[in-house]
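Student: dropping a prediction and its sequence here:
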Amino acid sequence: MGTNKTTAARLRIAGLIAALLIPEAASLAQDDVDWVTTSRGRYEIAIGGNSWPGLADLDPARDGEFDELGFSLNLAAHWPVKRFAESELLVGLDLGVLTNDSNVRFISEPLVARNGYLVPSVKWMFGQRHRYSLDAGAGYYMQDIAEVITNYPLYGETRLWEEAAAGAYLGGTIDFLGGEPSRSHGMTMSLKVHFVDFGTVRDEPRLPPTLGPDAGRLSGPVYVYQVGYRWR
């Protein structure tokens, strides 16, 4: 009789535990498909290089040319908005800078081509521990060509040409040394292709001929390879 009472008590305790755990398990399963309300985001800082064939194709009035290869810097922040069974969707913002040197001189220094962009973007993360992502964005791109004098403590610059345009990018990212998807950190590597058209490059009318009245059309694609650090 005592054994039967003990067994019944154990069954009641097991039933109570199951009743407590099953709703929690259902809630976790539901989180895989419902909108995510957590404010924990994914943040990235990355540096690397860019390859811009269209920039190298410019034909300035003065002797010289712009470098196809240059420097790139990107800051990004994204927040999860939806989770699926084996992936998640994040939305956020990319802020970046591209610079390319040249051997074209205006007065005393070679010209530099500078680009800045502010792009709302999305990341679809998938794979084991969500280590891979497909990336896309569309936003605002600014471009100028200038002579920059940085002889310390003096600083000065003369903009020969500047333009702004709408643009977009497509790309992919791979994470390394990752942890759990919700709290990962470590190295990351990405490749993005930017598409933008700034139109015809030419001197400002007030300046001596350097780029000329028509140095060519400056447009993408711009290939950007970067490595960096990300955390959540």
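Tutor: That came through, no problem. Residues are numbered from 1 along each chain as shown.
Student: how close does residue 149 sit to residue 108?
Tutor: 7 Å (CB to CB, to the nearest Å). To be clear about C-beta, it is placed using only N, CA and C from the backbone, and glycine gets the same treatment.
Student: counting neighbours, go ahead and name the busier of those two.
Tutor: residue 149 (12 against 8; other CB atoms under 10 Å).
Student: nearest spatial neighbour of residue 163, chain-adjacent residues omitted?
Tutor: Nearest non-adjacent residue to residue 163, counting by CB to CB, 6 or more residues apart in numbering: residue 198, 4.4 Å away.
Student: tell me the strands beside the helix or strand harbouring that neighbour, with direction?
Tutor: Using DSSP states H and E, residue 198 sits within strand 185-200. Strand 185-200 has the following sheet partners, assigned by DSSP bridges: strand 156-175 (antiparallel), strand 217-219 (antiparallel), strand 222-231 (antiparallel).
Student: show me what counts as buried in the first one.
Tutor: In terms of neighbour count (16 or more other CB atoms under 10 Å), strand 156-175 has its buried residues at 158, 160-161, 163, 167-169, 171-173, 175.
Student: tell me the one of those residues nearest residue 143?
Tutor: residue 163 (5.5 Å; CB to CB).
Student: hey, where'd the helices end up in this structure?
Tutor: When assigned using DSSP state H, the helices of the chain occupy the ranges 2-31, 53-56.
Student: could you tell me the least trusted of these?
Tutor: With a mean of 46, helix 2-31 has the lowest mean pLDDT of those.
Student: walk me through the domains of the protein.
Tutor: Domains of the chain are assigned by automatic domain parsing as 1-31, 35-231.
Student: hey, least reliable of those domains by pLDDT?
Tutor: domain 1-31 has the lowest average pLDDT among the domains of the chain, namely a mean of 46.
Student: mind putting the strands paired with strand 185-200 into TSV with distance to residue 128?
Tutor: Converted to TSV, the strands paired with strand 185-200 look like this (distance: least, CB to CB, whole Å):
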stretch	distance to residue 128
strand 156-175	10
strand 217-219	38
strand 222-231	16
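Student: out of these, which is closest to residue 209?
Tutor: Shortest distance between residue 209 and the strands paired with strand 185-200, using CB to CB, is found for strand 156-175: 10.1 Å.
Student: quick check, residue 211 in contact with residue 65.
Tutor: No - the pair residue 211 / residue 65 is not scored as a contact, 11.8 Å apart, by CB atoms under 8 Å.
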